[in-house]
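Enquirer: below are the sequence and a predicted model for it; my questions follow.
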Amino acid sequence: MPPDPSRSVPLGRYAAIALGAFGWSPETFWTATPDDFWAALDSHHAGWAAPAPPARAELAALMVRFPD
């Protein structure tokens, strides 16, 4: 019975993330476990946290400086 494509692992997408965003070498990618990948992804996402919104005073100063 052939594998079900709806349940296949998108290795190309995972490789693109690992090689691009993580900076892994192909060897590192192919020897990593799924847990390694998800730990790296969690660590990488920690740096993607949204910045805090400006304080009221900062926003007021920006509105004066850029009235449009």
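Expert: Okay, I see it.
Enquirer: in the protein, what secondary structure element scores lowest on mean pLDDT?
Expert: The helix or strand of the chain with the lowest confidence, counting by mean pLDDT, DSSP states H and E, is helix 34-46 at a mean of 86.
Enquirer: ok, and for it, which residues are buried?
Expert: 37, 40 (16 or more other CB atoms under 10 Å). Backbone N, C-alpha and C define where each C-beta goes, glycine included.
Enquirer: quick one: distance of it to the chain centre.
Expert: In this view, helix 34-46 has its centroid 9 Å away from the chain centroid, taken as CA atoms, centre = their mean, to the nearest Å.
Enquirer: what's the first helix or strand after that helix?
Expert: Using DSSP states H and E, the next helix or strand after helix 34-46 towards the C-terminus is helix 56-65.
Enquirer: pLDDT averaged over that following helix - what is it?
Expert: In this model, helix 56-65 carries a mean pLDDT of 94.
Enquirer: same check, this time on stretch 18-26
Expert: 93.
Enquirer: quick check: end-to-end length of that stretch?
Expert: With CA to CA, to the nearest Å as the measure, stretch 18-26 spans 9 Å from end to end.
Enquirer: in CSV, list the C-alpha atoms belonging to the least confident helix or strand of the chain.
Expert: Presented in CSV, the C-alpha positions along helix 34-46 are these (Å, rounded to 0.1, in the frame of the first residue of the first chain):
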residue,chain,number,x,y,z
PRO,A,34,12.6,15.6,15.2
ASP,A,35,13.1,16.7,18.8
ASP,A,36,16.2,18.6,17.8
PHE,A,37,14.3,20.3,15.0
TRP,A,38,11.4,21.4,17.3
ALA,A,39,13.7,22.5,20.1
ALA,A,40,15.6,24.7,17.6
LEU,A,41,12.3,26.0,16.2
ASP,A,42,11.1,26.9,19.7
SER,A,43,14.4,28.6,20.5
HIS,A,44,14.3,30.5,17.2
HIS,A,45,10.8,31.7,17.8
ALA,A,46,11.8,33.0,21.2
